[in-house]
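Colleague: show me the folded form of this:
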Amino acid sequence: MAGPAPAIPDHEVEITAVRAQGAGGQNVNKVSSAVHLRFDIRASSLPEDVKHRLLHRGDKRITRTGVVVIKAQQHRSLELNRAEALARLHALVAAAAFVPKKRRPTRPTRGSKERRIEAKQRRGRIKALRGRVLD
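Modeller: Numbering: from 1, shown residues only. Got it, this is the predicted structure:
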C-alpha cells in the first residue's frame with residue numbers, strides 16, 4: 001500500500017546557513033554552521049495525496065502557508081547540519097507518504113458479550129458477599 005517515499009528535487013529545497021544559538025563560545029559567534037531549511041509543500045512536485053497529508057499533519061514545523069521550516073544546529077560542521085536537516089525533511093515526507101489503512105468497524109461476537117456479562121455477574125456476586133453479616 002505504501003511505496004517508497006517520493007524523491008524531493010534539490011531545486012525545491014532552500015538551504016541557508018545561519019549562526020547557531022546557545023553555548024559554543026567564539027565558534028558559535030564567528031561561524032554560520034547552523035542550517036535553515038525551507039520547503040514549500042504547495043509548490044513542490046510531490047503527489048497531491050502526499051501534499052494533502054503533509055498539510056493536514058498538524059506538525060509545528062509546517063507554517064500556515066504550507067512551508068516546512070527545519071533548523072539544524074546540532075553539529076559543529078555545516079555539512080553535517082545540512083545532512084541532518086535533509087534527513088528530517090525526508091523522514092517527514094516519508095511519514096506523509098504512508099497511506100493509513102482504512103478502518104473497518106466490527107461488532108463484538110456473541111461469545112464475547114456472554115463472557116462480559118458473566119464476568120460482571122461474577123463480580124456482582126463477590127461484592128454482594130461483602131455486605132454486613134447479620135446475627
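Colleague: which parts of the chain are strands?
Modeller: Applying DSSP state E to the chain gives strands spanning 13-18, 34-40, 67-72.
Colleague: quick one: contacts of the helix-or-strand element of the chain with minimal mean pLDDT?
Modeller: The weakest-scoring helix or strand in the chain, judged by mean pLDDT, DSSP states H and E, is helix 25-30 (a mean of 75). By CB atoms under 8 Å, 6 or more residues apart in numbering, the surrounding residues in contact with helix 25-30 are Arg19, Ala20, Gln21, Gly22, Ser33, Arg76. All C-beta atoms are positioned from the backbone trio N, CA, C, and that covers glycine.
Colleague: could you identify which of the strands of the chain is most buried?
Modeller: Stretch with highest mean neighbour count among those: strand 34-40 (a mean of 20; mean count of other CB atoms under 10 Å).
Colleague: who are the packing partners of that strand?
Modeller: strand 13-18, strand 67-72, helix 78-97 (3 or more CB pairs under 8 Å, 6 or more residues apart in numbering; DSSP states H and E).
Colleague: could I get these as a markdown table with distance to Gly111 and mean pLDDT?
Modeller: Formatted as a markdown table, the helices and strands packed on strand 34-40 follow (distance: least, CB to CB, whole Å; pLDDT from 0 to 100):
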| stretch | distance to Gly111 | mean pLDDT |
| --- | --- | --- |
| strand 13-18 | 56 | 87 |
| strand 67-72 | 50 | 91 |
| helix 78-97 | 39 | 90 |
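Colleague: for stretch 107-120, the averaged confidence score.
Modeller: Across stretch 107-120, pLDDT averages out at 97.
Colleague: same question for that stretch: list its buried residues.
Modeller: Residues of stretch 107-120 classed as buried: none (neighbour count, 16 or more other CB atoms under 10 Å).
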